[in-house]
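# give me a model of this one.
(2 chains)
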Amino acid sequence: MTAANGDLPPIRPRLSHTVLPTPVWTQARRSLRLPAFWVLLGLLGYGAWRLYGLLGPLARAYPSAAVFAVSLFTLYAIPFLLVVRGLDFMEREPPLLMATALAWGGIVATATAALAGRAGHDLLAKQVSPGFAADWGAALVAPAVEEPLKLLGVIVIGLIARHHVNSVMDGIVYGALVGLGFQVVEDIAFALGQVDNSGLGDQVQPVIAVFLLRGFLGGLWSHTVFSAIAGGGVGYALIRRERETPHRYAVLVLAGLGAAGLHFLWNTPVFADGFGAGVAGVLAVLVLKGVPALLLVLALVRVAGHREADYYVRELAAYGDPELATEAELAALRSMWRRSAARRLAADRRGGAAGRAVGRLQRAQAQVAVELSRGGDQVDGYRARAHAERQVLRRLGHPEAYAPGGAAIPWWLWAVLVGGLGALVVLFVTTLGSVNGG
Amino acid sequence: MDSRPRVIRRAAEAAAVLAVVLAFGVGLPAINHAVPARRAVPAGAPFPVGAGVTVVPPAGAQYDVTRTAARASQGAVLFVVGNLRYTVVVLTVDRTLAEAAAALRTKITSRGGYQLVGRQAATSTAQGVPGVQGGYATSGRAGRYAVFVYAGRTVEVTFAGTDLELHDTLPALSASVNSLYFGKAG
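Coordinates of the predicted model:
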């Protein structure tokens, strides 16, 4: 057997408040007894009605563009959902709660922010000047209005399903989903607004322009990332009970302010001209404004993800069943990249069936770990499933689902990232050219 | 059975969520509504619309600061004369006059209940910039539009009010549209 811990730090000693497992007695229908659940339902209905009022006329005026925009931005959300799902590997969140987070961001937060954002912009114009509102409205009003409303979505999840926010990572996941819902609906609204402003009628070109500008050039460091940071603060406040209450709430406020600050940085008109260096300068400024948010969320995900994974890996290690999980497999379970590397290694060595079997084994190992942590009664069932997958792997000649040592990020992913960055530059130049040229 | 303090705490949490959403969705718009948006404009002086374009507003007009923004490459202003709304928008778009006019007509007719009336006719500003003008109508209101294209800039003008208001104000509005001036952009 090959132990491959690679460049991961050693597993931390047990941190009792890193994860608070979902108690076995938790039932979804208990949420029905909570006032917050009914407030949530009411707000979803109100938000849907408001959104229909805002977007309905545009959708009726430009039906083809509307269908195209909804389809395009829905497809656009899929890679984000896959990444969030990958982060959420060890202790998966209930699909209904994930959908609720998306709906809060896409319905309640967008509908409310549309009203409040308009009012905030108008107040700036009235109290300062129309020029100031035009230049600084997006930078000042959008973070002040949108970030609290999105953060509230994660808090509502915490109120209606307190025991499903088990770790800081769960807060990040719910925050990212709220932000993703907001991002998709806001982009659809922008696209339809652009169609209306263009005066070209029911055409899809303005939708494509918005997709390139907001989806790609701004998509990596937009609402999904901002809200993930804020959501991490909610997770911390709910989970780290060994800390004093003021400390936990200070972290929550700091995370919210951090998200708003990064949103402000992204929207600020400062250096919008790209230091006068043309398209290259504008692109450099976009990267400079966006990368801090991306780096911060990656660092948060790394720390929170390892802490959560360490907790569950420790449960498996303490169980002491090498047929369930070997030492090398425990090391592989600790990060999304290493789990993926283990699946790829199996697929490379013994074909796709081995890669898929490793995936199923890892899932069963995670399920056993979660059941052990919450004292659940399904440990034996999941363990039997893991043993069965072990037999499959043995038959395929790859008995251990370990990850190779060395670089956790494979060469092809680097190629995709570099290629993607190059494509972004080309898209940016093309889009800016088409926008300038009308 | 939940304890009374827990029930009260949960009700307070739900009320707090509702309060935050209402503060943003209802409170802030209400405050905004309470603060007047209209400002007087100096009589007879050119008003900057954006992208180097100016217009002399009709006497007695006020402008709405929330629908007004002059920028280097584009701009807009909404004047209010009584109950009549008079909008001038400047866009930096590479279009012919025919394309710009078609785009404005599409914008007007894409709004539910709006339709074009009468024939489109040629016009020009006092500066000599050629344009086209026409009319539109909606339930209880009549409107006029005009489009001018000059040096990469498109100016879209619309004004609307009741038939009576429009009839009384039309000479002043026409004089204002005639005063559109395309200065140096940027």
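# return the set of buried residues in the helix or strand in which A:Arg383 is found.
Element membership of A:Arg383, judged by DSSP states H and E, is helix A:379-396. If you call a residue buried by 16 or more other Cβ atoms under 10 Å in any protein chain shown, then helix A:379-396 has these buried ones: A:379, A:382-383, A:385-386, A:389-390, A:392-393, A:396. From N, CA and C alone the C-beta is placed, and that goes for glycine too.
# just for chain B, where's the confidence low?
Flagging of chain B using pLDDT under 70 yields the residue ranges B:1, B:186.
# could you break it into its assigned domains?
Per the record, chain B has its domains at B:1-35, B:38-182, by automatic domain parsing.
# and A:Ile188, how many residues sit next to it?
With neighbours defined by other Cβ atoms under 10 Å in any protein chain shown, the count for A:Ile188 comes to 26.
# my read: it touches A:Phe73, true?
Yes. With contact defined as Cβ atoms under 8 Å, A:Ile188 counts as touching A:Phe73 (5.3 Å).
# got the contact list for the residue of chain B found nearest chain A?
For chain B, the residue positioned closest to chain A under Cβ to the nearest Cβ is B:Ala103, at a distance of 2.7 Å. Contacts of B:Ala103 were listed using Cβ atoms under 8 Å, 6 or more residues apart in numbering or on different chains, and they are A:198-200, B:95.
# so which of the residues you listed is the most crowded?
For the contacts of B:Ala103, the largest number of neighbours (other Cβ under 10 Å) sits with A:Gly199, at 24 neighbours.
# for that residue, which non-adjacent residue is closest in space?
Using Cβ to Cβ, 6 or more residues apart in numbering or on different chains and skipping the chain neighbours, the partner closest in space to A:Gly199 is B:Ala103 (2.7 Å).
# now B:Ala137: phi and psi?
When quoted as degrees, to the nearest 10, the phi and psi of B:Ala137 stand at phi -150, psi 150.
# likewise the one 3 residues further on?
Here the main-chain torsion angles of B:Gly140 (degrees, to the nearest 10) amount to phi 80, psi 0.
# hang on, it packs against B:Thr162?
Yes. With the criterion set as Cβ under 8 Å, B:Gly140 and B:Thr162 qualify as a contacting pair; they are 6.7 Å apart.
# neighbour count winner among the two?
Remark: of B:Gly140 and B:Thr162, B:Thr162 carries more neighbours, 14 against 9, as counted by other Cβ under 10 Å.
# which ones are touching the residue lying closest to B:Gly183 once chain neighbours are set aside?
Counting by Cβ to Cβ, 6+ apart, B:Gly183 lies nearest to B:Gly52, which is 4.1 Å off, once chain neighbours are set aside. Applying Cβ under 8 Å, 6+ apart, we find B:Gly52 in contact with B:153, B:182-186.
# swap in 6 Å and give it another go.
Contact criterion Cβ atoms under 6 Å, 6 or more residues apart in numbering or on different chains gives B:183-185 as the residues in contact with B:Gly52.
# which helix is the longest one in chain B?
Using DSSP state H, we find that the single longest helix of chain B is helix B:4-22.
# what packs against whichever helix or strand comes after it?
Later in the chain than helix B:4-22, the nearest helix or strand by DSSP H and E is helix B:28-34. Based on contacts counted as 3 or more Cβ pairs under 6 Å, 6 or more residues apart in numbering or on different chains; DSSP states H and E, the elements that helix B:28-34 packs against are helix A:110-127.
# which parts of the helix it packs on are buried?
Using 16+ other Cβ under 10 Å as the burial criterion, the residues of helix A:110-127 that qualify are A:110-126.
# can you check stretch B:163-175 too?
Here stretch B:163-175 shows B:165-166, B:169, B:172-174 as buried, counting by 16+ other Cβ under 10 Å.
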